[in-house]
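Enquirer: just to be clear, the model below is a prediction. Sequence and coordinates:
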Amino acid sequence: MNASIPGTFGSTIGNVGNQEYYLQGSVLDSARDTLVHRLKALCDNVQLQPESFQDHEIVYAMKSSNASNVMTLRARHALDQPPDSPWQLRYLGQPEMGDKSRGAAMRSYLDTCTGPNLPDFLTEIGFK
C-alpha cells in the first residue's frame, strides 16, 4: 500500500477504491443488528465498540423571491465538545431522477466544517 497517495474522494489507494457514501433512511428494528454488522465490516472496525456522541442539528431554510424555491441547510455540532468547537454545515441537493435502473435515489451534497458562529451568520444572511 502506498501511503503517500492522498485519499481524496474517488481516488484509489493501492488496489482499494476510496469512495464516500452518505446514507439516509429508516431501518426496521428487526433489521438493525444486521445493518450494524454490515456497516462494521465495511468500516474495518469489527472489534471496536460503537463510539458514543451527542449532536444537535438545526435545519435552516430561506425562501427565494420565487416562493416555490426553498433552500435548506443543515447545521450540526457536538454537544459533548467545548462550545467553541466547529460546526458542520451540509447542503443536500435535489434527488436525481435520471437512471431508473439504480436501486436507490441519488443526490449530491456538500459538507463542510465551519467556525463556532455559524448560527449567527446564517440568521444574519436571512436563513430561519
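Expert: Looks like it arrived, so ask away.

Enquirer: dig out what Tyr109 forms beta bridges with.
Expert: Leu92 (DSSP bridges).

Enquirer: which residues sit in contact with it?
Expert: Taking C-beta atoms under 8 Å, 6 or more residues apart in numbering, we find Tyr109 in contact with 22, 90-93. For glycine as for every other residue, the C-beta is placed from the backbone atoms N, C-alpha and C.

Enquirer: likewise Met62?
Expert: Contacts of Met62 (C-beta under 8 Å, 6+ apart): 70-71, 126-128.

Enquirer: so where do the helices sit in the chain?
Expert: 32-42, 118-124 (DSSP state H).

Enquirer: related to what we said a few turns ago, any chance of a ChimeraX selection covering the buried ones in the contacts of Tyr109?
Expert: Restricted to buried positions by 16 or more other C-beta atoms under 10 Å, the ChimeraX selection for these reads:
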select :90
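
Enquirer: of all the contacts of Tyr109, which comes closest to Met106?
Expert: Gly93 (9.4 Å; C-beta to C-beta).

Enquirer: if I look at that closest one, how far off is Val59?
Expert: Distance from Gly93 to Val59, counting by C-beta to C-beta, to the nearest Å: 15 Å.

Enquirer: thank you, goodbye.
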